[in-house]
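1. prediction below, plus the sequence it came from.
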Amino acid sequence: MKKLITIIFISSLILFSCTSGKLVVPESEGEKLSILYADALKKTKKKDYVDAAIIFEDIERQYPYSTWSGQAQLMAAFCYLRSDMYDESLNVIDRYLALNPGSKEIDYAYYMKGMNYFNQISDVSRDQSITYVALKSFNEVINRFSNSEYANDSKEKIKIINDRLAGKELNIALQYQNDHQWIAAINRYNDIINKFGQTRYVPEALHRLVEIYLTIGINQQAEKYAATLGYNYPDSYWYKASYELINKELKSN
């Protein structure tokens, strides 16, 4: 009887605690991890990316051997990327790649690496070294994971990168041309044609070669580039400009 009263008393305390919301139930590690991850996802959806990234990294540190650790790393890298915290994002990605070389989501990690560099690309008047790093990263996605869902977008990013690099080459070539450094300018323009043949800068590069060869008196070469320009870009402004230059040179002779 005394034992029964004791049990009822304890039960009533528990019931009271439950109804008053004051009962603290010990959580398992799995439950704690789940709560943390859900909180981080909630912050991500609210675009509180930095706070979310910190929680995701806490999950990685506290539960390094859990199945959620790798996913938390990827989410932390994503959140830092969205916050323009590129160094932090790249650090997490490099850690992920080192710890998860056989992951099914490794293609996404390489793609995010490329995006970190891609988002830092500056205008064509400035140094483009980081652009080459972005190009290398996206090429790695395409070459290593050709069937990945991120391969197609990597190809599109490479088109944009090549356009940017061609623009940089054109700026340098124009400077050489203005300084009458003809050989250096010719080499740069030919680099644009040969290396970045699918970019919008090719017609202008061909036209500038027409200009240079007419200037230095090698008219046959100028006509060759003008013909190439007319054949490939008949509606281009640069073809019309080259055509006028060629006609003007012929009339003067």
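-> Perfect, I can see it now.
2. which stretches of this structure aren't confidently modelled?
-> 1-29, 124-125, 253 (pLDDT under 70).
3. Y231: how many residues sit nearby?
-> Using other Cβ atoms under 10 Å, Y231 is surrounded by 9 other residues. Every residue, glycine included, has its C-beta placed from N, CA and C.
4. then the one 10 residues further on?
-> Under the neighbour criterion other Cβ under 10 Å, A241 is assigned a count of 18.
5. residues in contact with the helix or strand it falls within?
-> Secondary-structure assignment from DSSP states H and E places A241 in helix 237-252. For helix 237-252, the surrounding residues in contact (Cβ atoms under 8 Å, 6 or more residues apart in numbering) are 203-204, 206-207, 210-211, 214, 219, 222-223, 225-226, 229-230, 233.
6. L135 contacts I161, correct?
-> Yes. L135 lies in contact with I161 (Cβ atoms under 8 Å); the separation is 4.9 Å.
7. centre-most residue in this protein?
-> M115 (1.9 Å; Cα atoms, centre = their mean).
8. ok, and the closest non-adjacent residue to that one?
-> Distance criterion Cβ to Cβ, 6 or more residues apart in numbering; nearest residue to M115, sequence neighbours excluded, is L81 at 6.2 Å.
9. which residues sit in contact with that neighbour?
-> S89, M112, M115, N116, N119.
10. once you drop chain neighbours, what's closest to the first one?
-> Taking Cβ to Cβ, 6+ apart, and ignoring the residues beside it in sequence, S89 has Y80 as its nearest neighbour in space, at 3.6 Å.
11. quickly find the element holding the one you found.
-> Going by DSSP H and E, Y80 is part of helix 69-82.
12. okay, now Y233: neighbour count?
-> Neighbours of Y233 (other Cβ under 10 Å): 18.
13. let me fix that, I meant to ask about S69.
-> So S69, with other Cβ under 10 Å, has 19 neighbours.
14. hmm, it is touching Y63, no?
-> Yes. At 5.8 Å, S69 and Y63 qualify as touching, with contact defined as Cβ under 8 Å.
15. related to what we said a few turns ago, could you double-check that the residue nearest to S89 sits in contact with A52?
-> No. With contact defined as Cβ under 8 Å, Y80 does not reach A52; the gap is 9.6 Å.
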